[in-house]
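Asks: quick check, what structure comes out for this input:
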Amino acid sequence: MSERLLLLVESNTTGTGRLFARRAAELGTVPVLLCADPGRYPYAAEDGLRTVVVDTSDETALLGAVRTLEDGATIAGVLTSSEYYVPAAAALAYRLGLPGPSADAVRACRDKAEQRRTLTAAGIGSPGFAAVTEAADAVAAARAIGLPVVVKPVQGSGSLGVRHCTDLTEVAEHAAALLATTVNERGIAAPTRILVEEYLTGPEFSVEVFGTEAVVTVAKHVGALPSFVETGHDVPAALPGEQEIALRETAVRAVRALGLGWGAAHVELRLTGPRTAAVIEVNPRLAGGMIPELVRRACGIDLVRAQVLAALGTAPELERGGYARASIRFLTAGQDGILAPAAELAAAVERARTVPGTVEAVLYRAPGEPVGPAEDFRGRVGHAIAVADRSVRAAEAADRSVGLLGEALTYAGLHTQEALA
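Replies: Below you'll find the model as predicted:
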């Protein structure tokens, strides 16, 4: 009997990337990571994951690599956990006759200007915006929209390049910096357009949609402006019924309007009134920030497994199997500093894990490594996850645990790094 392979086109570097491969193996398939640089994913070597080196930005090369795998094996499905490669994975699945989202819909959704136009045309609440190719046009757009504004790339992930601008000088400078960027963090060519958007106020949430079903609503915590670093999540969000309905209905309408409706979508929104919500953006993928793990612990719904099942052509399992509450808090540095020596670092982690309700406390960096204020997800230093029977208890435990993790940071100055290492 030939092997059944689940192809993973690149991956997240943290979080769900590793989980996709593990769920695939649990479901009786062999996960195969197609990637340009296996060294980007330490978990691949740690877990003995089969890898194929290929230029994943070249669809012809990608298909050629897959054809060599078909000798003696069956390609059972294609997925990715990285937003940057959702279009490539969708196109590959289509060419192989396998389940997946519409590649055209995914490409249009990832272009945030096109996404805005589609949502506006469908009458779905979203901020005013303008797509521009020159810094001067960004300034003109900011004047027309009204300050403050948000200036960001038309494509991206993890709040990279997203900035709150309160005056026209900030708009001009940040727009110029974004437009001068020729490639993104993955080395993929960056579009020569950016977005200038109305800044929406109101509490921020996400709705995790699967197919066209709103699975759960997540309360989001965002750090200090001008950046939009996500510092925590609470699952499920504690909301009055009418607000929950507004968020869920708006999210599903957005997914339908964008022609998605296959697999997972992560829809970010703000409540703009007692019964109204506006879409910040729709991401045609599973949520990052460990949200799928929170959903599993709180609701008993494994969204990673559901996504793998969908790729294999099997109906996903979305029935709620738990009624707990889960919170995550991310550790970020308030100023430039370094991580403590190994013994102090380990002690801080152990103290964080002793907080009642804490189920996970980890640091991402090595002893003596420099840290600084986070401008996007890459600036996060670690996290703590807590589970409890009430939202407030889970949140308080996660806050306390991440505070203890923070004892691994020292702000003594970078010149002391060698002495502390």
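
Asks: quick one: low-confidence parts of the chain?
Replies: Along the chain, the model assigns pLDDT under 70 to residues 1, 14, 157-158, 183-190, 412-421.

Asks: middle-most residue in it, spatially?
Replies: Geometric centre of the chain, nearest residue: residue 288, 3.0 Å, by Cα atoms, centre = their mean.

Asks: that one sits in which helix or strand?
Replies: Of the helices and strands defined by DSSP states H and E, none includes residue 288.

Asks: from residue 16, how far off is it?
Replies: 7 Å (Cβ to Cβ, to the nearest Å). Every residue, glycine included, has its C-beta placed from N, CA and C.

Asks: how about residue 115?
Replies: 22 Å.

Asks: do the same with residue 91
Replies: Residue 91 is 21 Å from residue 16, by Cβ to Cβ.

Asks: who's more crowded, those two?
Replies: Neighbours were counted for residue 91 and for residue 16 using other Cβ atoms under 10 Å; residue 16 has more, 25 against 21.

Asks: residue contacts, that one?
Replies: 81, 286, 288, 292, 293, 304 (Cβ atoms under 8 Å, 6 or more residues apart in numbering).

Asks: try it again at 7 Å.
Replies: 81, 286, 292, 304 (Cβ atoms under 7 Å, 6 or more residues apart in numbering).

Asks: just residue 218 next, same as before
Replies: By Cβ under 7 Å, 6+ apart, residue 218 lies in contact with 205, 206, 208, 233, 234, 235, 237, 291.

Asks: bridged to the third one, which residues?
Replies: Residues in a beta bridge with residue 208, per DSSP bridges, are residue 216, residue 266.

Asks: so how far is residue 268 from it?
Replies: Applying Cβ to Cβ to residue 208 and residue 268 gives a distance of 11 Å.

Asks: neighbour-wise, which of those two wins?
Replies: Of the pair residue 208 and residue 268, residue 208 is the one with more neighbours under other Cβ under 10 Å, namely 26 against 18.

Asks: shouldn't the more buried one be in contact with residue 287?
Replies: Yes: counting by Cβ atoms under 7 Å, residue 287 is a contact partner of residue 208 at 5.8 Å.

Asks: can you list residues touching both of those two?
Replies: residue 266.

Asks: what comes up buried for stretch 113-130?
Replies: Using 16 or more other Cβ atoms under 10 Å as the test for burial, stretch 113-130 gives 113, 115-116, 118-120, 124-130.

Asks: excluding chain neighbours, give the residue nearest to residue 151 in space.
Replies: residue 174 (4.9 Å; Cβ to Cβ, 6 or more residues apart in numbering).

Asks: which residue ranges of the stretch 201-350 of the chain form strands?
Replies: Along the stretch 201-350 of the chain, counting by DSSP state E, counting those that start in this stretch, strands occupy 204-210, 213-222, 230-235, 264-273, 276-283, 325-331, 337-339.

Asks: what's the fifth one in contact with?
Replies: Translated: strand 276-283. Strand 276-283 has contacts (Cβ under 7 Å, 6+ apart) with 83, 109, 112, 115, 119, 124-127, 200, 246-247, 250, 254-255, 258, 265-272.

Asks: for the third one, same thing?
Replies: Where contact means Cβ under 7 Å, 6+ apart, the residues beyond strand 230-235 that reach it are 159, 216, 218-223, 289, 291, 294-295, 298, 326-330, 332, 391, 394-395, 398.

Asks: buried members of these into PyMOL, please.
Replies: Per 16+ other Cβ under 10 Å, the buried members of the contacts of strand 230-235 correspond to this PyMOL selection:
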select buried, resi 159+216+218+219+220+221+223+289+291+294+295+298+326+327+328+329+330+332+391+394+395+398
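
Asks: secondary structure and distance to residue 72 added to the buried residues of stretch 113-130, as JSON lines?
Replies: Listed next are the buried residues of stretch 113-130 as JSON lines, based on DSSP: H, G, I helix; E, B strand; the rest coil; distance: Cβ to Cβ, whole Å:
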{"residue": "113", "secondary structure": "helix", "distance to residue 72": "45"}
{"residue": "115", "secondary structure": "helix", "distance to residue 72": "42"}
{"residue": "116", "secondary structure": "helix", "distance to residue 72": "47"}
{"residue": "118", "secondary structure": "helix", "distance to residue 72": "43"}
{"residue": "119", "secondary structure": "helix", "distance to residue 72": "46"}
{"residue": "120", "secondary structure": "helix", "distance to residue 72": "50"}
{"residue": "124", "secondary structure": "coil", "distance to residue 72": "48"}
{"residue": "125", "secondary structure": "coil", "distance to residue 72": "52"}
{"residue": "126", "secondary structure": "coil", "distance to residue 72": "49"}
{"residue": "127", "secondary structure": "coil", "distance to residue 72": "52"}
{"residue": "128", "secondary structure": "coil", "distance to residue 72": "55"}
{"residue": "129", "secondary structure": "strand", "distance to residue 72": "51"}
{"residue": "130", "secondary structure": "strand", "distance to residue 72": "53"}
